[in-house]
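Q: here is a sequence with its predicted model. Questions after.
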Amino acid sequence: LEDFSNAIHTWKELNDPVMGGKSTGTFSIEDGVGKFIGQVVDVPFLQAPGFIQARTVDRGNFPDVSSCAGFLIKLKASGPDYAGYRFSFGNARPPNGKMFALGYKTDVKLASSDEFTEIFLPFGDFSDYWDDATGDAIVTCKEDSTYCPTKRALEDLKSMTIWGEGVGGDVNLELKTIKAVKCASAN
């Protein structure tokens, strides 16, 4: 899906100032690594932490991953531990969903380390019913399958996004690859 040593997609960083927030960040690809760096701070009128994100913007072709079980992301976090990392894909919106909550999203639990690690994100951990102010799931896929990724959404991911969201602090994430894994073989 993505290999930052030879990036397939065009990535763009977005901060919450578009929503009146004060968070800042950057995303660059250097020496074969996607570098997502910034700081998430409180949005003044919400008095709650905002977000920064790096997302694909090219609408490039994504392979059909509907026969797979989830994503495997090779990454490393540096600096103080940060609890607001998230990953999302697509542009799904559930019935009664929040206005700015698009796509399927899950938390990425990752401690700071000097070494790259691989994190498995099962599709069953993603939900498209999440709060656009906090990034937290309102109803998870495990609680109600209505909010699980659909076969159609997995046939064309449309986009991928890495977030620092809903938790104040420093974001310092390096990414090497994003893959779909545990896929059924085509016979």
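A: Arrived safely.
Q: show me what the strand ranked longest in the chain is packed against.
A: In the chain, assigned by DSSP state E, the strand with the most residues is strand 169-181. Judged by 3 or more Cβ pairs under 8 Å, 6 or more residues apart in numbering; DSSP states H and E, strand 169-181 is in contact with strand 2-3, strand 33-40, strand 70-77, strand 160-165. C-beta: built from backbone N, CA, C; applies to glycine.
Q: pLDDT on the second one, on average?
A: Put plainly, it is strand 33-40. Strand 33-40 shows a mean pLDDT of 97.
Q: now do that strand: distance to the chain's middle.
A: Distance, stretch centre to chain centre, for strand 33-40: 13 Å (Cα atoms, centre = their mean, to the nearest Å).
Q: immediately after that strand, which helix or strand?
A: Downstream of strand 33-40, the first helix or strand assigned by DSSP states H and E is strand 42-43.
Q: coming back round to it: pull out the buried positions in the longest strand of the chain.
A: For strand 169-181, a neighbour-count test (16 or more other Cβ atoms under 10 Å) marks 169, 171-180 as buried.
Q: ok, now stretch 90-106?
A: Across stretch 90-106, burial judged by 16+ other Cβ under 10 Å covers 90, 92, 94, 97, 101-106.
Q: which residues does residue 174 contact?
A: 33-36, 75-78, 116 (Cβ atoms under 8 Å, 6 or more residues apart in numbering).
Q: show me where pLDDT drops low in this protein?
A: For the chain, applying pLDDT under 70 flags the ranges 18-19, 99, 186-187.
Q: please enumerate the strands of it.
A: Applying DSSP E to the chain gives strands spanning 2-3, 11-15, 24-30, 33-40, 42-43, 48-49, 51-56, 70-77, 85-89, 104-107, 117-122, 160-165, 169-181.
Q: out of those strands, the one nearest residue 145 is which?
A: strand 104-107 (12.7 Å; Cβ to Cβ).
Q: what does that closest one contact?
A: So strand 104-107 is in contact with 85-90, 92, 121, 125-128, 130, 135, 137, 149, 153, 163, going by Cβ under 8 Å, 6+ apart.
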